[in-house]
Every structure is written in C-alpha cells, then in structure tokens.
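Q: Take a look and give me a structure for this.
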Amino acid sequence: MSTPTTYLVGVGVKIPMEEKQNKSEEDVLDLTLRPKFWEEYVGQKKTKENLEIIITAAKQRKQIPEHLLFYGNSGLGKTTLAYLVAKEIGSDIKVTSGPAIERAGDLAAILTNLEEGSILFCDEIHRLNRVIEEYLYPAMEDFKLNLILGKGPMARTMEMEIPRFTLIGATTRLALISGPLRSRFGATFGLNFYTLTDIEKILERSARILNTTADRESLKIIAKSSRFTPRTANHLLKRVRDFAQVKGKGEITEEIAQESLRSLEIDGLGLTSADRRILEAIIKKFSGGPVGLQALAATTSEEEDTILDIYEPYLMQLGFIERTPRGRIATKLAFQYLGIRFKDSQCKLL
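A: Numbers count the residues shown, from 1 in each chain. Got it, this is the predicted structure:
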C-alpha cells in the first residue's frame, strides 16, 4: 500500500511535503515571502485591475479565464501573479517551463493530467520548441491534442480531448515568442519596475514575516539598492538580517543596512561589481561605445543572456547605457557615476 502524499499549503498552491523538504531554506523563505492573497500583492496596479476584470467576468459567465501572457524582467512577480490568479478562480495550478517540455509526449502527459478548469503555468515560455508549439495550438484553441502515432506509411493521427484549462505563460523575452503563439493568448500584460514606495511596502511586510525588527530609514536604504525589483529587495533584506544577527543585536538599523550593503559590494543605486565592470568595459576599453553584445560579454566574462536579462535592463533604467543600431553606448551619467571625464566627442554618439 502506497504512502499517501502529505500537502502543505503554499502560495495559493498545494506543495507536496517531500518536495518542500527537498528545497533549500532560501527557496522555502522565497515561497513564504510571496503574497498569498490578492490584496497583499503590491504594485502593478493597472495589470491587477485588468486581471480582476477578466477573472470576475469569467466567473460570472461560469467559464475559465482566457489564456494569459506575462512578460517583464526577472523578479517582478510573474510567477506570483499566476499563483494568485489560480487562487482567485479556485483552481489547481500545474507549473512547468519551456525547456522542460522536450517532446510531444511530455506535453501530452502534462495536458492529460490537468483537471477541468486548471491553470497551467509555463515559465520561460519563449524557450518552447517550435514543434511543441504546433501541438499546443489546437490545445489552446479547441482543447484537443493531435498526436501522430507510428512512423512512415503506418503513421496515423489520433485526436484526444483534453480538459479545458487556462495557460499562463511568463517570459523575460517577449520578442522571442513566435507570432502564432503570442496571438493565441487572450491578454498580454507587461510588468514594470516598481516604485521605491511600493518596494518599501514589500520590505515592511517581508520584515514582519521574517520576525525582523527594522526601522524605516534602514528599509529605505535597502529599497534604494533593490533595483526596483521585489525579489532583489527580499534577498537583500535576508542578507542584511543575517548581518544584523551576527554583527549587531538582531535589529536592522540604518548603520547595519549601510555596512552590510558595503560588505556585499552593492552601492546606493543597487549596482554590483558586475554592473560596474560592464560600465567600465564600455567606457575604458571601448571608449564609451558603441560596442556589440558579443564583444562586451567576452570582455567582462559574462554570458550574453545574463547581460541582456539581468544587467542591461537596470542600467538602461538608470540611464547609464543606451542601445543603438551599432551597439551599446555609455551615457554622460555613466561617466559621472564612475568619476571619469566625459569627452565632448562622446556627444556625437548619444
């Protein structure tokens, strides 16, 4: 007789006990800090309002919501929103990712195991194999799966009915999603960087959950170094909490926050040593630019995708670099930040 699976209630989804035990303490903390209720989700006001209308209208019609697509930089809350949508409509949620679905059989196994009205959340959906996309189209439109059995002259097509479901896709690279797939989503929402006020609210809530005492000034310091991103803010809060526990009296003060961020080599703008290395490479090795992504990655020993997804969006948000048809260019603000004299000849590039 098999042992029954024990569940713990996570962020709007049931998590098997054995899975939770296998997660690191950091992963468990991340799950704990995620908003569990719609009202706890701070920021992205317009997206929340539109989602509430879509969900309410679907409930009134007694139908499932349309397929949804979320895009934006890492850590802005795409996964959390998917969990909250599932919780709002009272449905189960199954989580997968684009790279995990390698064959049509993988997709069939996922779709046939869904329950009526379930949410299927696919992270990194831009990395779906194009062949898999072809199988996904009829599943999204008609809730049917057309499988090819056998090979050569003996091959035949089998049509399978699957439960009606809502697909929620998340991506950091919207442009890499094919047009046919993107057009099959009923609504597409872009998540933006958060304001400092919203980040401070998130940090206040997280500090309460972590049973950590932090004054308002210390939270402002952490918020300013958070890159306007909730995930980064929570990670910094946990590191500052550790520092306060070891070097202080367990309370996060303004001095503790500043000292811990200096120890982590994170400045008041949230820039790390890697950010500064990228700026210095553009300015010192390429005379301010323009420089191509491949050359910049080779010079800084960073992966191209890492520069594109992690560093570049925030540096552009600060106005430190600009993209041009010929490559990346460091702005006057970047020169001022590094304390390097801005040459008049650079004005022609901006």
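Q: Counting neighbours, what do you get for Leu269?
A: By other CB atoms under 10 Å, the residues close to Leu269 number 13. For the C-beta atoms, the positions are set from N, CA and C on the backbone; glycine is no exception.
Q: and the gap between the nearest residue to it once chain neighbours are set aside and Leu271?
A: Of all residues not flanking Leu269 in the chain, Leu318 sits nearest, at 6.5 Å (CB to CB, 6 or more residues apart in numbering). For Leu318, the distance to Leu271 equals 8 Å [CB to CB, to the nearest Å].
Q: Please report the distance of the residue nearest the centre of the chain from Phe228.
A: Nearest residue to the geometric centre of the chain (CA atoms, centre = their mean): Ser74, 3.2 Å. The spacing between Ser74 and Phe228, counted by CB to CB, is 12 Å.
Q: ok, now Lys343?
A: Lys343 sits 30 Å away from Phe228, going by CB to CB.
Q: Pick out whichever of these two has more residues nearby.
A: Taking neighbours as other CB under 10 Å, Lys343 and Phe228 compare with Phe228 leading, 23 against 10.
Q: Count the residues that sit near Leu167.
A: Leu167 - counted by other CB under 10 Å - has 22 other residues nearby.
Q: For it, give me its contacts.
A: Counting by CB atoms under 8 Å, 6 or more residues apart in numbering, Leu167 touches 67-68, 120, 122, 136, 140, 185.
Q: And for Gln60?
A: Gln60 neighbours (CB under 8 Å, 6+ apart): none.
Q: In which helix or strand does it reside?
A: Per DSSP states H and E: Gln60 is located in helix 45-61.
Q: Tell me the buried residues in that helix?
A: 47-48, 51, 54-55, 58 (16 or more other CB atoms under 10 Å).
Q: Check which element follows it along the chain.
A: strand 68-71.
Q: and that following strand, which strands flank it?
A: Strand pairing for strand 68-71, determined by DSSP bridges: strand 165-171 (parallel), strand 187-190 (parallel).
Q: which regions of the stretch 101-250 of the chain sit below the pLDDT cut-off?
A: Per-residue confidence for the stretch 101-250 of the chain (pLDDT under 70) gives these ranges: 148-156.
Q: can you give me the helices in it?
A: Counting by DSSP state H, counting those that start in this stretch, the segments of the stretch 101-250 of the chain that form helices are 104-112, 130-142, 179-182, 196-209, 216-224, 230-247.
Q: And the contacts of the longest one?
A: Outside helix 230-247, the residues within contact range by CB under 8 Å, 6+ apart are 26, 29-30, 33, 42-43, 74-77, 194, 199, 202-203, 206-207, 210, 212, 214, 218, 222-223, 225-226, 250-253, 256-257, 259-261, 263-264, 266, 270.
Q: need the next SSE after it, C-terminal direction.
A: helix 254-263.
Q: list the helices and strands that next one packs on?
A: Contacts defined by 3 or more CB pairs under 8 Å, 6 or more residues apart in numbering; DSSP states H and E place helix 254-263 against helix 216-224, helix 230-247.
Q: buried stuff in the shortest one?
A: I take that to be helix 216-224. For helix 216-224, by 16+ other CB under 10 Å, it's 218-224.
Q: Likewise for stretch 294-313?
A: For stretch 294-313, by 16+ other CB under 10 Å, it's 295-297, 299-300, 302, 307, 310-313.
Q: now do the same end-to-end measure for stretch 291-311.
A: With CA to CA, to the nearest Å as the measure, stretch 291-311 spans 15 Å from end to end.
Q: and if you look at stretch 245-252?
A: End to end - CA to CA - stretch 245-252 spans 9 Å.
Q: Give me the three-state assignment for Ile340.
A: coil (DSSP: H, G, I helix; E, B strand; the rest coil).
Q: I figured it hits Ile283, correct?
A: Yes. Ile340 sits in contact with Ile283 when judged by CB atoms under 8 Å, with a separation of 5.9 Å.
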